[in-house]
Every structure is written in C-alpha cells, then in structure tokens.
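Novice: Sequence first, predicted model second:
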Amino acid sequence: MHEGWAGKQMHETETTTMANHSTAAEHPKWMQHHFSDPIQQRESVKFGMWIFLITEILFFGGLFCAYAIYRAWHPEVFLAAHHALDWKMGALNTIVLIVSSLTIALSIRSFQLDRKKEGMWLLVATFLLAGVFMVVKYFEYTHKFHLGIFPGEFYNYGGFAGVNNPHIFFSIYFVMTGLHGLHVLIGMGVIAWLVIRAARGAFGAEYYNPVEVTGLYWHLVDLIWIFLFPLLYLIH
Amino acid sequence: MAGKNAQHGAHGEHITPLRTYLAVGAALIVLTILTVGAIQFDFGSAMNLVIAMAIAVVKASLVALFFMHLLYDNKFYLFSFITTILFLGVFIILTMFDTMRRGDFYEEAMAPITPQAAMYESIEADTTGGHGSHGEGHGGGASHDDETGKSENKTGNH
C-alpha cells in the first residue's frame, strides 16, 4: 500500500526521520498527541469522515430503494403527482448547491495556499448559498402545505382526480427532501462554526482538516441532491 | 494525472488548480441544464429515466473525483466509496427482484403488504374458519383472488 493509511502508520513507528518539519518536540496546538505526525492525523481524520459518509450513503440508500419500489409499482402516480413540484425551483436549488460545493472546495484550496481571509470569505459564501437553498425549500414546502399536500395520513389535497394514492409520492418526497434539508441545516451549523474559527485564524496551510472533512460532507449533500432533483422533479 | 501547474501543500498534499475547479463547476451547471432540457423530449418513459440517471451519474462522478479529491487522494477512499455504491446496488436490485417478482411464487402476494391485501383475508379465513370480516377489504371475499392488488399488479402474471 503505497503511502497508504495503514502502511504509513506502521512506517511511522519504525522511523522518525520523515521529510516533514513537524516533530513531537514542536507540537503545534492543533496536533493531537496520539498521532505521530500531521500527515497521519490528516489521513485518519479523513478516513473517519469517509466511514461516516458511507453510513450516510446507505442511510439515504434505503430511501432511494423505497422510491424505486414505489415508482416501479405506481409509475402513473409518480408521473401525475410530480406536476405539483415546480422544476424551476428544483433546478434553481440544484445550481445553488453546485455553486456552494464549488465555494467550499475553493475555500479548502485557499487554506491550502495559506490565504486565510479568502478561505474564510468562501466559507461565508457557502453558508449564504446554503441559506438560499433553505429559503427556496421553505417556499416550496409552504406552497404545498397551503394546498393540503402533507406527508402520510395528513394529506388532504383534492387534486389529481383519478389517480390512486397520490400521497405515496408526496410521503417519499417529504421524507427524502426533508432529510436532505436537515443535512443542509446541520451543514450550515458546522460551516458557521468553521467561519468563527477561521476568523480567529485557526486554519492555514499547516492545518485545515476540519474544513476539508466538512467539505466532504457538504459535497455528499450536493451529490444526493444531484439524484433527488431528476428523480422527483423531472419525471416523464 | 496532476496538472502541469499542480501545486503542493505544506504536507505534500495535492492542490487542485483553480482552473480545474471552475471547469468542473461549469460542467455541472451545463449538465443540469442538459438534464432539464432532455426531459422536454419524449424518448419513452424508461429511456428518459435512463438519460436523467446517466447525467446524474456523470455529475456525481465529477463531484466525487474533483471536489471530494478522490482522484488525487489515497486510493483507499475511492475504493471504499465505490464498494459502498456497489453494495447499495446489490441492496436495491435484490429488493426490486423480490418486490417485482414476488407474484411469480405467491400469487396472492403481488400487492404491497397492507392489511387490505387479500392475503390477510385468506389468513383470517384459515385461522378463524370464518369470513373476511374487516372494514375495507376490496378483494371481494376470501375466495380466490384473481382481482387482487388491482392497480399494484403491474406485471400481471398470475
């Protein structure tokens, strides 16, 4: 395993002469004492985040599976009911999330290059774009609530005459987009915390692990929306 | 795979050039417009779904490889990610085999499992020796059930 995560761990215990300048003697503030060097710390933190993202993929996977089963069983319900969603809103939110993914990726790049202020402002931009996403979502949800389109047994919309059980589509819609929206809100909380730390100068070329793993999480939230958008808003 | 002008960070990590990030961002927006555009044309409902999913997979790959750095990072992360997707595929495909083909084995059970399904009437009939006595059974009695699961029965193979 060339430069592998486990391989490095073993290698580190054998030899202390690596070509990096941070030794235990210096011990920067962000360096946890149970790691032997910043590279090992960084790789471990990222691996931990990837394990979490894997559980997230499987978590949403159950919902994608439910979607697949119900769409296969009731294609006509999905086709009819999806007209209640405004694809323009969905497309707008797709663009907003893509740009926010770009800004957080660029923020990490800025910290890698030790441009601390630029990195912080890109985090602020990411936070604001996430806010735009939630505002659009708010308008979409309230519009449906006004019509009486609620999840599950609370559904009382009279439209879609002749369509059997349109609430099945909306239950799936609300659970999938609701859970995704919750992830956006949690992401906003974490990004706000990163902005505060970045403003205090906590991140730079030497250390930006929290920004990097939050970026991974944020990209996964974007990635899930990339599938939700065509599956919910664009049914032919 | 690294660009000509790729830089490296304080601990030797790869720093993606600005150009690459902007190009990937632009490609993602173009693909979003493309997927909205493709749905305006009728390629048949299955083909439209395939096109939409193919575009989504390309977009997801761009995000994972460039924004999530899977292309440059330790390949163990890429391996973990792809393995997860494969197992997710196994999960969904096997579940679909079950739910779509269940009727091949149990003619009563093609419908989703709800208390309204005729299956429950026959179970009740077996256990009580009586009649289907629940409120909203639409299967029409405990007799055999060619009309079971009306709208649910897509494959129609009894």
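Specialist: Alright, I've got the coordinates.

Novice: So, low pLDDT: which residues of chain B?
Specialist: Applying pLDDT under 70 to chain B flags the ranges B:1-6, B:103, B:105-158.

Novice: repeat that for 50
Specialist: B:1-5, B:129-158 (pLDDT under 50).

Novice: Kindly report the domain assignment for it.
Specialist: B:1-78, B:101-147 (automatic domain parsing).

Novice: Can you point out the buried residues in the lengthiest helix in chain B?
Specialist: With residue count as the measure and DSSP state H as the assignment, chain B has helix B:75-105 as its longest helix. Judged by neighbour count (16 or more other CB atoms under 10 Å in any protein chain shown), helix B:75-105 contains these buried residues: B:76-78, B:80-81, B:84, B:88, B:92, B:99-100, B:102-103. Backbone N, C-alpha and C define where each C-beta goes, glycine included.

Novice: by contact count, what packs against that helix?
Specialist: Contact here means 3 or more CB pairs under 8 Å, 6 or more residues apart in numbering or on different chains; DSSP states H and E; on that basis helix B:75-105 packs against helix A:38-73.

Novice: Output the contacting helices and strands for the helix it packs on.
Specialist: Helix A:38-73 packs on helix A:5-14, helix A:75-81, helix A:167-199, helix A:209-228, helix B:75-105, going by 3+ CB pairs under 8 Å, 6+ apart.

Novice: Please report how far B:Val58 lies from A:His167.
Specialist: 33 Å (CB to CB, to the nearest Å).

Novice: quick one, strands of chain B?
Specialist: Taking DSSP state E as the test, the strands found in chain B are B:7-8, B:14-15.

Novice: Is the one helix or strand A:Leu106 maps to in proximity to chain B?
Specialist: Assigned by DSSP states H and E, A:Leu106 falls within helix A:87-112. Yes. Judged by CB under 8 Å from any CB of the partner chain, helix A:87-112 comes into contact with chain B at A:87, A:91, A:94-95, A:98-99, A:101-102, A:105-106, A:109, A:112.

Novice: now the angle between helix A:209-228 and that helix, please.
Specialist: 160 degrees (axes from the mean of the first three to the mean of the last three CA atoms, to 10 degrees).

Novice: how about helix A:87-112: buried residues?
Specialist: Applying 16+ other CB under 10 Å to helix A:87-112 flags A:87, A:90-91, A:93-112 as buried.

Novice: Switch the strands of chain B over to CSV; also include mean neighbour count.
Specialist: Formatted as CSV, the strands of chain B follow (neighbours: other CB atoms under 10 Å in any protein chain shown):
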stretch, mean neighbour count
strand B:7-8, 12
strand B:14-15, 17
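
Novice: Which of the ones you listed sits closest to chain A?
Specialist: Within the strands of chain B, the stretch nearest chain A is strand B:14-15; the backing value is 4.8 Å (CB to the nearest CB).

Novice: what lines up beside that closest one in the sheet?
Specialist: strand B:7-8 (antiparallel) (DSSP bridges).

Novice: neighbouring contacts of the strand it pairs with?
Specialist: A:113, B:14-15, B:17 (CB atoms under 8 Å, 6 or more residues apart in numbering or on different chains).

Novice: same deal with stretch A:57-73?
Specialist: A:77-78, A:168-169, A:172, A:175-176, A:179-180, A:220, A:224, A:227, A:231, B:84-85, B:87-88, B:91-92, B:95-96, B:99-100, B:112, B:152, B:154.

Novice: Please tell me how far it is from the chain's geometric centre.
Specialist: In terms of CA atoms, centre = their mean, to the nearest Å, the centre of stretch A:57-73 is found 19 Å from the chain centre.

Novice: Just the CA atoms of that stretch, as CSV, please.
Specialist: These are the backbone C-alpha positions of stretch A:57-73, laid out as CSV (Å, rounded to 0.1, in the frame of the first residue of the first chain):
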residue,chain,number,x,y,z
ILE,A,57,-25.0,6.8,1.6
LEU,A,58,-26.5,3.6,3.0
PHE,A,59,-28.9,5.7,5.1
PHE,A,60,-30.2,7.6,2.0
GLY,A,61,-29.9,4.3,0.1
GLY,A,62,-32.9,2.8,2.0
LEU,A,63,-35.0,5.8,0.8
PHE,A,64,-33.8,5.5,-2.8
CYS,A,65,-34.8,1.8,-2.6
ALA,A,66,-38.3,2.8,-1.3
TYR,A,67,-38.5,5.3,-4.2
ALA,A,68,-37.5,2.6,-6.7
ILE,A,69,-40.1,0.1,-5.5
TYR,A,70,-43.0,2.6,-5.4
ARG,A,71,-42.1,4.1,-8.7
ALA,A,72,-41.9,0.6,-10.3
TRP,A,73,-45.3,-0.3,-8.8
